[in-house]
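> build me a structure from this.
(one chain, ligands or ions: 1)
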Amino acid sequence: MARPSPLEIYALLDKSNCEECGRSTCMAFGTDLLERKVTVQDCTHLMQDPKQAKKRNKLITLVIPPQRSVEIGVGDRKCIIGGEEILNRHQLTYYNETAIFMEIADDDPDLEEVVKYLTTLILERMGDVLRVNGITLRCVSGDADQYKLAAKKLTEASNLPVMLACMNPDILLAAATEVKELKPLLYAATKDSWEQVGKFAVENNLPVVAVSSDLDELMSLSATLQKLGVKDIILDAMTVFGPGNVALTYDNIMRLRISAIDKGDVNSGFPVMGVPAAYWSQINTDDDKKLWEHQYQEIIMAAIMESIDTSLIVLHSGKRKEDIWALLAIMTLRQSVFSDPRIYPTTDPGIFEIGEPGKMAPIFVTSNYRLTKIPVEIDIKGANVDAWLLVVDSEGIGIESAVAGGQFSAGSIAEAVKEFGAFDKVDHRILIIPGMAARLSGALEDEADAYVVVGPRDSSGIGKYMTELWKPEEFMKTYEDLKE
Ligand code: SF4
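Residues are numbered from 1 along each chain as shown. All right, here's what the predicted structure looks like:
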């Protein structure tokens, strides 16, 4: 489906440029609306002037993405899934990353401990904080009281959004009644339970997962739930394993996304989920090696789903500390898939103190490409070196390309030295530039009035470099001799 243009949006705005939305013009507001930095509700004129109601409604319809977004949970950790406009990331960008929900059984004796661990789990990578997004409470006891109790314990121990997963609608809704103010996701409405679950969802304004392995039946379920008044639907065409089934699972997810995004079909225009954790329902073994292989199978399926922008996945592996590798893999991949391809990953330029640098501490120079600056910083800290890190504005481009393109040049480094007062921090005039920028050394000595030494090509070599080659007194002597 074609994306609306800023001009189409502008045509429906007030055009008074009153600035009440915090934008200097209505055109700027229209551009930000397209980028989802503001909502229609932020324009006071459209919202308050009854004469503009028609235009307002037209605009709201115009900016609804072909795949609607759905909110799960409340408060700081609520998550938004779906809402995508494109099939492939390079066409524009994805707006909402795959939500990772970790499943736990209602009879798990460690339920509270596991839930607390997942709630506070934070992984930091390249300046981003990576976290799980929710908990799926799976009903294995088949007992309404136990499931209800587990739902209460879970929500008391965590503020993460919750998916209540139970195929028995009576048990599901009994637990949902206890925690409905936390806006849990109801799993599931099937061809047998859609009416009971759907009515409860409408009464309580809750999101619902429609489930069927038959896509025609799934579309019919989606249409019926919408007719009933359910606004927030998530589609699950079911996750199956075994020879040929990975392709089937992949195809079903893609068919739903294509139908929504490219064809504008209203019944498939909702977030799509997958359940790699379903693999474990087929496993019955205590053999450690086999269990380990199964974890791999599950994580491979999760990776496939993330790479095709599945809106939400449910994982079994990774919920305990010893299985952190599973989440590391999935979160790292997610971070890459869901970065905005239109924006260079940059950090602020400046001079940064690492450890407790003394007056003869080294000054390392690097670019402000995020995936360069952060690893360099980590490697300096890892080598236990007290130093200054001078980050030059290379427009977010990595060293090798920025040297070739002129963004990381003798001139830009000399400017940064001056702007951030690098030599005011130390009693020397030595700069260590990356090995990949060696050819700048001569020009930089002149432009920055410095003694320039070439460091390792890769920052992992900084520790060795400092032990074997860092001789500041000798360098300064040479610098002074050359000056005479
Ligand atoms: S509040 Fe509305 S009318 Fe005023 S500048 Fe923003 S978009 Fe235009």
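> the spatially closest residue to residue 358 that is not a sequence neighbour: what's it in contact with?
Leaving aside its sequence neighbours, residue 358 sits nearest to residue 386 (CB to CB, 6 or more residues apart in numbering; 6.8 Å). In short, each C-beta sits where N, CA and C put it, glycine included. Residue 386 sits next to 354, 355, 356, 357, 358, 361 when contact means CB atoms under 8 Å, 6 or more residues apart in numbering.
> so which of the residues you listed belong to strands?
Among the contacts of residue 386, the members falling in strands (DSSP state E) are residue 354.
> ok, and the most crowded of the contacts of residue 386?
residue 361 (21 neighbours; other CB atoms under 10 Å).
> that one against residue 426, yeah?
Yes. Between residue 361 and residue 426 there is a contact under CB atoms under 8 Å: 6.3 Å.
> now do the SS call for residue 102.
strand (DSSP: H, G, I helix; E, B strand; the rest coil).
> count the neighbours of it for me.
Residue 102: 26 neighbours (other CB under 10 Å).
> how about it: what's its closest non-neighbour residue?
residue 319 (4.5 Å).
> any idea how far the one you found is from residue 139?
17 Å (CB to CB, to the nearest Å).
> what's the answer for residue 463, then?
Distance from residue 463 to residue 139, by CB to CB: 52 Å.
> which of those two has more neighbours?
residue 139 (23 against 16).
> in contact with the more buried one: list those residues for me.
106, 147, 164, 165, 166, 167, 168, 171, 172, 175.
> phi and psi next, for residue 313.
When read as degrees, to the nearest 10, the backbone of residue 313 gives phi -130, psi 150.
> show me the contacts for it.
98, 99, 100, 101, 273, 274, 275, 276, 302, 305, 306.
> same thing but 10 Å
By CB atoms under 10 Å, 6 or more residues apart in numbering, the contact set of residue 313 is 98-102, 133, 136, 239, 273-277, 301-306, 330, 334.
> got phi/psi on the closest residue to residue 193 other than its chain neighbours?
Among residues not flanking residue 193 along the chain, residue 169 sits closest, at 4.1 Å (CB to CB, 6+ apart). Reported as degrees, to the nearest 10, the phi and psi values for residue 169 are phi -60, psi -30.
> how close does residue 169 sit to residue 46?
41 Å.
> outline the domain layout of this protein.
Domain assignment of the chain by automatic domain parsing yields the ranges 6-63, 69-337, 350-483.
> okay if I get these as TSV plus mean pLDDT and distance to residue 344?
Converted to TSV, the domains of the chain look like this (pLDDT from 0 to 100; distance: least, CB to CB, whole Å):
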stretch	mean pLDDT	distance to residue 344
domain 6-63	93	17
domain 69-337	95	13
domain 350-483	96	3
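> quick check: which of those is nearest to the ligand?
Ranking those by proximity to the ligand (CB to the nearest ligand atom) places domain 6-63 first, at 3.3 Å.
> returning to that earlier point: and the contacts of residue 386, which two are the farthest apart?
354 and 358 (12.3 Å; CB to CB).
> near the ligand, which residues of this structure?
13-14, 16-21, 23, 26, 29, 43-45 (CB under 6 Å from any ligand atom).
> next one: residue 237 from residue 252, what distance?
Residue 237 is 4 Å from residue 252, by CB to CB.
> mutual contacts of those two, please.
213, 214, 215, 218, 272, 274.
> hang on, the last one packs against residue 307?
Put plainly, it is residue 274. No. The pair residue 274 / residue 307 is not scored as a contact, 11.6 Å apart, by CB atoms under 10 Å.
> out of the two, which sits in the more crowded spot?
For residue 274 versus residue 307, neighbours defined as other CB under 10 Å are more numerous around residue 274 (26 against 15).
> secondary structure class for residue 235?
Secondary structure of residue 235, per three-state DSSP, is strand.
> could I get the buried residue list for stretch 466-481?
466, 470, 472, 475, 476, 479 (16 or more other CB atoms under 10 Å).
> just these: which are in helices?
466, 472, 475, 476, 479 (DSSP state H).
> need the max-distance pair from these.
466 and 479 (19.0 Å).
> show me which of the contacts of residue 139 are buried.
Buried residues within these, counting neighbours by 16+ other CB under 10 Å: 106, 147, 164, 165, 166, 171, 172, 175.
> which two of these have the greatest separation?
Within those, 106 and 172 form the most distant pair, 11.4 Å apart (CB to CB).
> which neighbours do the two have in common?
139, 147, 151, 164, 165, 166.
> including secondary structure, could the residues you listed go into a markdown table?
Converted to a markdown table, those look like this (three-state DSSP):
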| residue | secondary structure |
| --- | --- |
| 139 | coil |
| 147 | helix |
| 151 | helix |
| 164 | strand |
| 165 | strand |
| 166 | coil |
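> of all those, which comes closest to residue 289?
residue 165 (29.0 Å).
> correct me, but that closest one touches residue 176?
No. The pair residue 165 and residue 176 fails to qualify as a contact (CB under 10 Å) at a distance of 11.1 Å.
> report the set of residues contacting both of those two.
By CB under 10 Å, 6+ apart, the residues touching both residue 165 and residue 176 are 185, 186.
> neighbouring contacts of stretch 327-335?
With CB under 10 Å, 6+ apart, stretch 327-335 has contacts from 97-100, 102, 118, 121, 123, 125-126, 128, 130-132, 276, 296, 298-300, 302-303, 305-307, 313, 315, 317-319.
> what about the residue nearest to residue 254 when sequence neighbours are not counted, how many neighbours?
Distance criterion CB to CB, 6+ apart; nearest residue to residue 254, sequence neighbours excluded, is residue 308 at 6.1 Å. Using other CB under 10 Å, residue 308 has 16 neighbouring residues.
> contacts only, for residue 308.
Counted by CB under 10 Å, 6+ apart, residue 308 has contacts 87, 88, 98, 250, 253, 254, 257, 272, 274, 337.
> of the residues you listed, select the buried ones using a ChimeraX command.
Buried members of the contacts of residue 308, defined by 16+ other CB under 10 Å, are picked up in ChimeraX with:
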select :98,250,253,257,272,274,337
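> strands - which of the contacts of residue 308 land there?
Per DSSP E, those map to strands at residue 274.
> check the contacts of residue 308 and tell me the two furthest apart.
88 and 274 (17.9 Å).
> which of the helices or strands spans residue 176?
helix 169-179 (DSSP states H and E).
> show me what that helix is packed up against.
helix 144-157, strand 162-165, strand 185-189, helix 194-204 (3 or more CB pairs under 10 Å, 6 or more residues apart in numbering; DSSP states H and E).
> most tightly packed of these?
Highest mean neighbour count of these: strand 185-189, a mean of 28 (counted as mean count of other CB atoms under 10 Å).
> partner strands of that strand, with direction?
Strand 185-189 pairs in its sheet with strand 162-165 (parallel), strand 208-211 (parallel), by DSSP bridges.
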